[in-house]
Structure formats: C-alpha cells, structure tokens
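S.K.: Requesting a structural model of the entry that follows:
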Amino acid sequence: MLRKKGHLSKNNEGSLVLINEDGQSFKINQSVATIWKKCDGKTQLDLSREIAEERRLDFNEVNNSMTTIVGQLITAGLVDDVEVQPEIKAMEFADQIEMGTPRPVTHYETDENQQYEEKLQNIIKALRDLQKKINRIEEKIDNLKRFEVKAGDKLVLKKEGGKLLIEKV
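M.R.: Below you'll find the predicted structure:
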C-alpha cells in the first residue's frame with residue numbers, strides 16, 4: 001500500500017514541488033501531483049486501474065508509467081510502500097460484512113509473494129549454476145596456465161571418456 005509523505009507546495013516561480021521530510025524539494029507536473037495525492041493506502045495496481053478508468057487509457061501503459069513514477073517517488077522519500085498485515089485485511093473484510101457491503105476476497109498479495117519467492121528461488125538456482133560454470137572455467141584456465149607450449153613441442157590429441165585431451169609428447 002502506498003502512503004504519501006512530505007507535502008505539496010509551489011516554488012517562487014509558481015511551479016508545483018513536492019518536499020520530502022528531509023526538506024528536499026522536487027519540481028513536478030500536475031500528473032505526478034495527482035498520483036502523489038492518490039497514494040492514500042491504495043496499491044500501485046489500484047492506482048493504475050483508477051487512473052486508466054478516469055482518463056480512459058490503456059491499463060498496461062498506465063501501469064508501466066506508474067511503476068516508474070512510484071519508484072521515483074519512493075526513492076525521493078515522498079511515498080512509502082507499506083505492506084498490509086493479513087490480520088488487518090481480515091478485520092476490514094469482517095467490518096464490511098457487518099455493514100452489509102462484502103467485497104470479493106483477493107489473494108493477489110499472497111500469490112504475488114509466492115510468485116516473487118518462486119522467482120527468487122529460480123534466480124538463486126541460476127546464480128549457483130552460473131557459479132559452477134565460472135568455477136569450471138577458472139579450473140580450465142588454471143590447467144591452461146600450467147600447460148606451456150613452446151615452439152618445437154609436439155602435441156597429441158587424445159579422446160578419454162568423451163573428452164578431448166591435448167598432451168605433450
């Protein structure tokens with residue numbers, strides 16, 4: 001969930017600026033100001049959907065732009081990406097049922113976390129495989145360094161266990 005930080009103001013020239021909690025100011029346009037104002041507990045996907053619907057734009061294009069803008073706002077210290085605890089979501093859902101306005105339960109946060117976990121495990125596996133390959137290459141380089149060939153040396157190619165070997169004679 002995105003939560004805005006800092007405040008919106010205008011500089012001496014009348015341009016919009018966002019000022020973070022450290023006092024740094026960032027000149028922005030009206031679109032960024034609108035996005036920042038909407039960071040009131042919504043997820044990035046919710047914001048993208050809302051803006052795409054309001055402006056009748058393609059969701060994917062809006063979401064791609066939103067990823068960049070929200071990333072810059074987070075980096076500038078103007079937005080926090082706060083994870084909602086599952087028990088809070090459960091309480092909110094229970095309140096909605098009591099009020100007679102239940103909403104469908106979505107588990108994308110959990111599914112999304114599981115997808116990230118799977119991607120992370122795949123990346124770790126790929127890195128381990130890459131490290132093994134690097135180790136084999138380094139081993140071959142070490143073997144080549146030990147295998148000096150001088151002019152006049154005779155070399156023989158041999159095949160052992162599916163490998164080609166070069167030996168000095």
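
S.K.: so after the helix ranked longest in the chain, what's the next helix or strand?
M.R.: The longest helix of the chain (DSSP state H) is helix 108-146. Moving toward the C-terminus from helix 108-146, the next helix or strand (DSSP states H and E) is strand 155-160.

S.K.: Averaged pLDDT, whichever helix or strand comes after that following strand. What do you get?
M.R.: Once the chain leaves strand 155-160, the next helix or strand it forms, by DSSP H and E, is strand 163-168. Mean per-residue pLDDT for strand 163-168: 75.

S.K.: and what of stretch 26-42?
M.R.: 91.

S.K.: Mind exporting the C-alpha coordinates of it to CSV?
M.R.: Extracted C-alpha coordinates of stretch 26-42, given in CSV (Å, rounded to 0.1, in the frame of the first residue of the first chain):
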residue,chain,number,x,y,z
PHE,A,26,11.3,18.1,-6.3
LYS,A,27,9.7,20.1,-9.2
ILE,A,28,6.8,18.0,-10.5
ASN,A,29,4.0,18.3,-13.0
GLN,A,30,0.2,18.1,-12.3
SER,A,31,0.1,14.4,-13.3
VAL,A,32,2.7,13.5,-10.7
ALA,A,33,0.9,15.7,-8.1
THR,A,34,-2.3,13.8,-8.8
ILE,A,35,-0.6,10.4,-8.4
TRP,A,36,1.1,11.5,-5.2
LYS,A,37,-2.3,12.8,-3.7
LYS,A,38,-3.9,9.4,-4.5
CYS,A,39,-1.2,7.5,-2.5
ASP,A,40,-3.5,7.1,0.4
GLY,A,41,-3.4,3.4,1.1
LYS,A,42,-4.0,2.1,-2.4
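
S.K.: before we move on, the earlier item: between the longest helix of the chain and strand 163-168, how many degrees?
M.R.: 30 degrees (axes from the mean of the first three to the mean of the last three C-alpha atoms, to 10 degrees).

S.K.: To what extent is D142 buried, counted in neighbours?
M.R.: Neighbourhood size, D142 [other C-beta atoms under 10 Å]: 10. The way it works is simple: take the backbone N, C-alpha and C, and place the C-beta from them, glycine included.
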